[in-house]
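> Following is a predicted model, sequence given first.
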Amino acid sequence: MIDNDLLLEVPSGWRSLAKDTIDKLRDRFPGITIDQTKEKFGALRIYYTLTEMDNDKWDDAYNITLEAEKASTKICQDCGKPGVRKSNKGWLATLCPEHQPEEFDETEIQRLIEDQEY
């Protein structure tokens, strides 16, 4: 079960990704504490504390959160549709063509969505 407060700072388009990732972390690491979830630099961030600081467990938890972070850079943070992370006036955001600021060329955004690799 997810504490809804953990999802307050997560953009709506990433909430299911965040919830699935938190569930995966809690299933794999019963003693884990999820400290915070949020958007940072146009990607999903999940901060946690492991009660056992075993290096293998830490690496596994890190890889799970890194996978979610990478996935979030291809999902519009506003609606959950395919998106691309771009900079707009110094701010990074991952958005679909519908939610991109007007000064971006939609054709270019669509090409980036189709061609992007993390």
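Alright, I've got the coordinates.
> use CA for all of it now, contacts and neighbours both
OK.
> Could you say which helix or strand holds the residue nearest to the spatial centre of the chain?
Centroid-nearest residue in the chain, with C-alpha atoms, centre = their mean: Leu44, separated by 2.5 Å. Using DSSP states H and E, Leu44 sits within strand 43-49.
> The residue nearest to the centre of the chain pairs with what?
Judged by DSSP bridges, the bridge partners of Leu44 are Glu39.
> elements contacting the helix or strand following the strand holding Leu44?
For strand 43-49, the succeeding helix or strand toward the C-terminus, using DSSP H and E, is helix 55-72. Secondary-structure packing of helix 55-72 (3 or more C-alpha pairs under 8 Å, 6 or more residues apart in numbering; DSSP states H and E): helix 15-28, strand 43-49.
> Show me the shaky parts of this structure.
By pLDDT under 70, the low-scoring segments of the chain are 1-4, 53-54, 103-118.
> hmm, try it at 90
1-9, 30-31, 50-58, 86-92, 97-118 (pLDDT under 90).
> what's the residue nearest to the centre of the chain in contact with, if anything?
The contact partners of Leu44, taken as C-alpha atoms under 8 Å, 6 or more residues apart in numbering, are Val10, Trp14, Ala18, Thr37, Lys38, Ala68, Glu69, Ser72, Thr73.
> Distance check, it against Asn55.
23 Å (C-alpha to C-alpha, to the nearest Å).
> Go through stretch 26-42 and flag the buried ones.
Of all the residues in stretch 26-42, those buried under the rule 16 or more other C-alpha atoms under 10 Å are Arg26, Phe29, Ile32, Ile34, Gln36, Thr37, Lys38, Glu39, Gly42.
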